[in-house]
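**Student:** task: produce atomic coordinates for the following.
(one chain, ligands or ions: 2)
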Amino acid sequence: PAPVRLADYRPPAWLIESVRLTFDLRPRGTRVTARLALRRNPDGDGGPLRLDGRNLRLVAASVDGAPVSPETDAEGLTLSGTASGAALPDAFVWEAVTEIDPEDNKALEGLYLSRGMFCTQCEAQGFRKITFFPDRPDVMAMYEVRIEADAGSCPALLSNGDLIESGALPKGRHYAVWRDPHPKPCYLFALVAGDLRETRADFTTVEGRQVRLGVWVRPGDEGRTAYAMDSLIRSMRWDERAYGRAYDLDVFNIVAVDDFNMGAMENKGLNIFNAKYVLASPETATDADYARIESIVAHEYFHNWTGNRITCRDWFQLCLKEGLTVFRDQQFTADERSAPVKRIEDVVTLRARQFREDGGPLAHPVRPEEYIEINNFYTATIYEKGAEVIGMLHTLFGPEGYRKALDLYFERHDGQACAIEDFRRCFEDATGRDLTQFARWWSQAGTPEVGVEESWQEDGGRYALIFRQSTPPTPGQPDKAPLVIPVALGLLGANGDDLLPEGTRIVELTEAETAVTFEGLPARPVPSLLRGFSAPVRLIRETSDAERAFLMAHDSDAFNRWEAGRAYAVDVALRMAGGADADPAFLDALDALASDESLDPAFRALALETPGEDELARETFARGTPADPQALHAARDALRRAAAGRMGDALERLHREMTVPGPYSPDAAAAGRRALRNRALGLLVARGAPDDLARAAGQFERADNMSDAFPALAALVHADAPQAAAALAAFHDRWRDDPVVMDKWFAVQATAPADDALGRVRALTEHPLFDWLNPNRFRSLVGAFAAGNPSAFHAADGAGYAFLADWLIRLDAKNPQTTARMAGAFETWGIYDAGRQRLIRDQLERIAAAPGLSRDTGEMVSRMLG
Ligand code: HT7
Ligand code: ZN
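**Tutor:** Ligands and ions are numbered 1, 2, ... in the order given. All right, here's what the predicted structure looks like:
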């Protein structure tokens, strides 16, 4: 298929004033009547009416009431004139009846059935699977939606906006009519119909609007909605306070759905969520689950202004809504919980997902310039690097400058479909600064590298830092230009005090080489660079173990304190993979940090986290050697054993003392204590003495909440402890009817690095609860194995690769979106030895040759093959 290009953007030929949809819902033959009031766009090209449509059966069509027979093809229809052969008038009413089959829709795009519940997913281009329509985000219209369904199986009928009418119909059916007064693109349309129970709350906005909030779930799940509702209310208040943005409808509904390709969807007034990101109770959800629910609820709510009120002109502008909204949800979590802990977590994710993507064959700019399938561009680069770009604007202009620019953006562009240039201009107009060079962050792919050299002259206390930036070539972009890189830095004296009067200074790198000089320092300082990870770059600097230990102990910037420990841990693990012993000085420094009671337990838990095998593999490659997954796995294990051996007493104490009295609460302080306690448990189990295993088994047995139970189960299973089988059986027996919890059961086994790991995973694919058409379940087994069990997935005989490829080929025929996303497990093929590279490429070629391969997976595979 030919790519769609940003350079080819043209305004729509036709605009839509209003949309009236009627759904006659039936599992096997839903009829959709669409009435569109169309008007020629004076800025358009004057062409015929082209409507997108896929997998639709056109039953009838008319123009101003007169039947027409437009030409249809696989991608839609074209209407050149009226039934009488006359040219189309400049404004007319198009009406079409189409028939679709929700039950057969396993791609989960458009209208589909999820365990008897009708549900839609229209972003990015799912609306064209519901009716013929100009399916592009710059066509915005007001919607009125009438839903008719069986009253017994579908008592709840929901759509966007406000409910204006409902009632009974003959033959046990009923109807509801919803009207959304805000013009929106069709990707924000939503409909849900099913047997759902509502948890209600009332919210009064700062502007005095009374809003009815609802969280809708399956009967039986009502007891698990409280945290999502609480998160929603806190998000609404926060957006009023932090951005001056209030909610704008009388209803806001969230619905939990079992079958869902992604996390959640911000449809106007009717957010649809993967059930996994709504449902939580102390017994079923871990602290990490609670935190994830909070941030996803916030993210989707924040889209109401950044995405819905101001939307994207075209899909190349996706980062305009996603990067900005991720940045906003990160700010929210930082405010609600701990800012340094949140920053560390975000950087861990950024490196694990985005740096990985940026360093491989799937690298692309934050604003891509072409795509074959837009669903393949809901990536870490668009989301996470997109958020980093906004974060750098926040750093460069400070909170006041940032807020002024955002206020201007909302004022100037409310109700519009915008491009990155519109957003950038708001910053330029609000601050007076030209952002031409900064804009390269949106157009240039790849992770910039910043090399640092130092010089020191005793005489005059003169210290200089020379920064050299470069960005490696990426597919389609061999040459890169210098970026604007804000580097937050501090200088530490011998006793650990900050030497700069302002503590942290922001230095802007704009050239390939930038020198910064400091005068009058009492002694050679220790630099603390890129504080708070002020830019998404790889910092490259010769440093010593002693300096890292010093920063771990003294840096006033919490992020860099953690960063020094992480970089030191990576070095030690890689030296161990090369045959060295664990460095005792590192273990001492780690012990000191983990035992420092002046520090937040959540921070200490992060400091105790061992770098992952994928991180170690990519770092090995960055240092010039192909990664050996089994050697890295062994080295990581050895490091954990050594840490547990050295820190045993401290870890036992942490495990004993970091308990949380009273009933379970998901608040950040309690979660932080549990995180530290569980980190200690994990290391103790790595030590592997019978007492250590018994400690984990005891925690599992006594646990009255999932945050205690699951880490204990994971420790036992991953250590292949004798107690693991009984614990897995008990967990299975208790939770077999609960899909969200059972996903954990599959995932914990899929990620266990046993010798026969693949055999165990294969056996689990035969388990009666392995429903491969459910994306959560598929991800929890096949996806978790490929992404979370590196030593088994990268087995030298290639069996792990063949297993994944088999499943991707099978799933692709049903659900291309989830398949294409998971194919990214192969994206790091270039960091391994020639043998593994060959084996991976063989599987990619096998997938590419599969008959009927989807456009989604085809694009991913061909980009990976290069
Ligand atoms: N804007 C949404 C992204 C999305 C999506 C969600 C569910 C299923 C398919 C989807 N395609 C795109 C989610 C978000 O970023 O908030
Ligand atoms: Zn989003």
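**Student:** write out the residues of the protein neighbouring ligand 1.
**Tutor:** Within the chain, the positions near ligand 1 by C-beta under 6 Å from any ligand atom are 121, 123-124, 261-262, 264-266, 299-300, 303, 322, 378. (Each C-beta comes from the backbone N, C-alpha and C, glycine too.)
**Student:** strands along the stretch 151-300 of the chain, start to end?
**Tutor:** 156-159, 162-169, 173-184, 191-194, 197-204, 210-217, 251-257, 264-265, 270-274 (DSSP state E, counting those that start in this stretch).
**Student:** can you put these in JSON lines and add mean neighbour count and mean pLDDT?
**Tutor:** Below are the strands of the stretch 151-300 of the chain laid out as JSON lines (neighbours: other C-beta atoms under 10 Å; pLDDT from 0 to 100):
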{"stretch": "strand 156-159", "mean neighbour count": "25", "mean pLDDT": "99"}
{"stretch": "strand 162-169", "mean neighbour count": "12", "mean pLDDT": "98"}
{"stretch": "strand 173-184", "mean neighbour count": "19", "mean pLDDT": "98"}
{"stretch": "strand 191-194", "mean neighbour count": "25", "mean pLDDT": "98"}
{"stretch": "strand 197-204", "mean neighbour count": "14", "mean pLDDT": "98"}
{"stretch": "strand 210-217", "mean neighbour count": "20", "mean pLDDT": "98"}
{"stretch": "strand 251-257", "mean neighbour count": "24", "mean pLDDT": "98"}
{"stretch": "strand 264-265", "mean neighbour count": "24", "mean pLDDT": "99"}
{"stretch": "strand 270-274", "mean neighbour count": "25", "mean pLDDT": "99"}
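**Student:** out of those, nearest to ligand 2?
**Tutor:** strand 264-265 (8.0 Å; C-beta to the ion).
**Student:** mind checking how far the closest one is from the chain centre?
**Tutor:** Distance, stretch centre to chain centre, for strand 264-265: 11 Å (C-alpha atoms, centre = their mean, to the nearest Å).
**Student:** and that strand, what does it pack onto?
**Tutor:** strand 270-274, helix 287-302 (3 or more C-beta pairs under 8 Å, 6 or more residues apart in numbering; DSSP states H and E).
**Student:** show residues contacting the shortest one.
**Tutor:** By that I understand strand 270-274. 119-121, 158-160, 190, 192, 228, 252-257, 260, 262-265, 296-297, 300-301, 776 (C-beta atoms under 8 Å, 6 or more residues apart in numbering).
**Student:** that one pairs with which strands, and in what direction?
**Tutor:** According to DSSP bridges, strand 270-274 forms sheet pairs with strand 251-257 (parallel), strand 264-265 (antiparallel).
**Student:** the last one and ligand 2 in contact?
**Tutor:** Pointing back at strand 264-265 there. No - applying C-beta under 5 Å from the ion, one finds strand 264-265 separated from ligand 2 by no less than 8.0 Å.
**Student:** give me the contact list for that strand.
**Tutor:** For strand 264-265, using C-beta under 8 Å, 6+ apart, the contacting residues are 121, 123, 190, 271-274, 277, 296-297, 299-300.
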